[in-house]
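> here is a sequence with its predicted model. Questions after.
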Amino acid sequence: MWHIPWLYLIKIITMPKMIDQTNFKNEVIESRSLNIVQFKSEWSGACQIIEPVYAELAKYYEGTARFFVTDVETETGLEKEYGIHELPTILFFRSGLIVDYAIGLTPKNVLISKIENAIAAI
């Protein structure tokens, strides 16, 4: 019988939610919450580097902010609509408006500062 460590199960549960064009409007644009969306691609090394940091922040800020991930390879409409040219790009939404952003390999402390500023700006 296989034994799966609890920490691994917790990681699965707290990963950012994948979002697509179909539910983007309902989940992000029409929400009054702070919604943070990472635009990424599987082939991007920078996206792979930032992925565990983003997941850790999603876990830490669970209940305060909602974290989403969208793959630009499959969701080209969202990529074009928001002018995504560099990966990863992280957009911070509140009440349907972009209130901040991070482009490229952004250090963890900078992301924390941006999240804290977005939370404080309620």
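It's in. Numbering: from 1, shown residues only.

> if I look at the residue lying closest to residue 93 once chain neighbours are set aside, how far off is residue 45?
Spatial nearest neighbour of residue 93, chain neighbours left out: residue 35 (4.4 Å); criterion: Cβ to Cβ, 6 or more residues apart in numbering. Backbone N, C-alpha and C define where each C-beta goes, glycine included. According to Cβ to Cβ, to the nearest Å, residue 35 and residue 45 sit 26 Å apart.

> these two: who's more crowded?
residue 35 (23 against 9; other Cβ atoms under 10 Å).

> was I right to think that one contacts residue 66?
Yes: Residue 35 lies in contact with residue 66 (Cβ atoms under 8 Å); the separation is 4.9 Å.

> need the overlap of contacts for the two.
Counting by Cβ atoms under 8 Å, 6 or more residues apart in numbering, the shared contacts of residue 35 and residue 66 are residue 27.

> where does the protein have its least confident helix or strand?
helix 6-13 (a mean of 47; mean pLDDT, DSSP states H and E).

> can you point me to the longest helix in the chain?
In the chain, assigned by DSSP state H, the helix with the most residues is helix 45-60.

> list the buried residues of that one.
47, 50, 51, 54, 55, 57, 58 (16 or more other Cβ atoms under 10 Å).

> please apply the same query to stretch 76-94.
78, 79, 82, 84, 87, 88, 89, 90, 91, 92, 93, 94.

> same question, stretch 68-77
Those would be 68, 69, 70, 71, 72, 75, for stretch 68-77 by 16+ other Cβ under 10 Å.

> from those, which ones fall inside strands?
68, 69, 70, 71 (DSSP state E).

> all set, thanks.
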